[in-house]
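Peer 1: the sequence and its predicted three-dimensional model are supplied below.
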Amino acid sequence: QAQLQESGPGLVKPSQTLSLTCIVSDVSITTTYSAWSWVRQPPGKGLEWMGFITSDGTTYYGPSLKSRTSISRDTSNNQFSLHLTSVTPEDTAVYYCARGGFQTWSAWGQGTRVTVSS
């Protein structure tokens with residue numbers, strides 16, 4: 001079972017780039033056929049899948065955030081990262097990393113709250 005832990009700033013200013021990292025333990029992110037997602041939950045709203053990166057480094061993004069989102073990985077440290085550009089207060093949310101692709105998540109990080117405010 002994979003263990004995941006998000007890290008990153010809790011406060012980001014509008015127009016800046018939000019960057020978060022997910023450190024994975026017990027399972028390699030290069031495990032064949034594995035996928036690793038970022039999911040967020042704004043206050044009072046449901047889960048929103050942002051995108052995922054596969055074991056071979058291919059990325060897929062949700063349509064609503066595709067133009068502002070990128071996911072990268074560091075295989076030597078078994079971690080993957082989220083970068084969300086040009087943030088606004090509407091990007092305030094709890095951000096989760098998870099094992100799995102679109103709506104097929106089998107393990108989650110505890111989540112990290114990010115507030116976008118000046």
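Peer 2: Now that the structure is in, tell me what you want to look at.
Peer 1: which residues in this structure form strands?
Peer 2: Using DSSP state E, the strands of the chain run over residues 3-7, 11-12, 18-25, 35-41, 48-54, 59-61, 69-74, 79-84, 93-99, 107-108, 112-116.
Peer 1: switch those over to TSV; also include mean pLDDT and mean neighbour count.
Peer 2: For every residue, glycine as well, the C-beta is placed using N, CA and C. Below are the strands of the chain laid out as TSV (pLDDT from 0 to 100; neighbours: other CB atoms under 10 Å):
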stretch	mean pLDDT	mean neighbour count
strand 3-7	97	16
strand 11-12	98	16
strand 18-25	98	19
strand 35-41	97	23
strand 48-54	97	21
strand 59-61	96	16
strand 69-74	97	17
strand 79-84	98	21
strand 93-99	98	23
strand 107-108	96	16
strand 112-116	98	17
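Peer 1: now do the contacts for S72.
Peer 2: Contacts here follow CB atoms under 8 Å, 6 or more residues apart in numbering; on that basis S72 touches I53, F80, S81, H83.
Peer 1: ok, now with 10 Å
Peer 2: By CB atoms under 10 Å, 6 or more residues apart in numbering, S72 lies in contact with S19, T21, I53, G57, T59, Q79, F80, S81, L82, H83.
Peer 1: my guess is the first one contacts H83, does it?
Peer 2: Pointing back at S19 there. Yes - with contacts counted by CB atoms under 10 Å, S19 reaches H83, the gap being 5.1 Å.
Peer 1: hey, what's in contact with both of those two?
Peer 2: Residues touching both S19 and H83 (CB under 10 Å, 6+ apart) are S70, S72.
Peer 1: for the contacts of S72, name the two members farthest from one another.
Peer 2: Farthest pair in the contacts of S72 (CB to CB) is S19 and G57. Separation: 18.3 Å.
Peer 1: and T104, what are its phi and psi?
Peer 2: Dihedral angles of T104 (phi, psi; degrees, to the nearest 10) stand at phi -130, psi 40.
Peer 1: now it: closest residue in space that isn't a chain neighbour?
Peer 2: Distances taken as CB to CB, 6 or more residues apart in numbering put A35 closest to T104, at 7.7 Å, once the chain neighbours are dropped.
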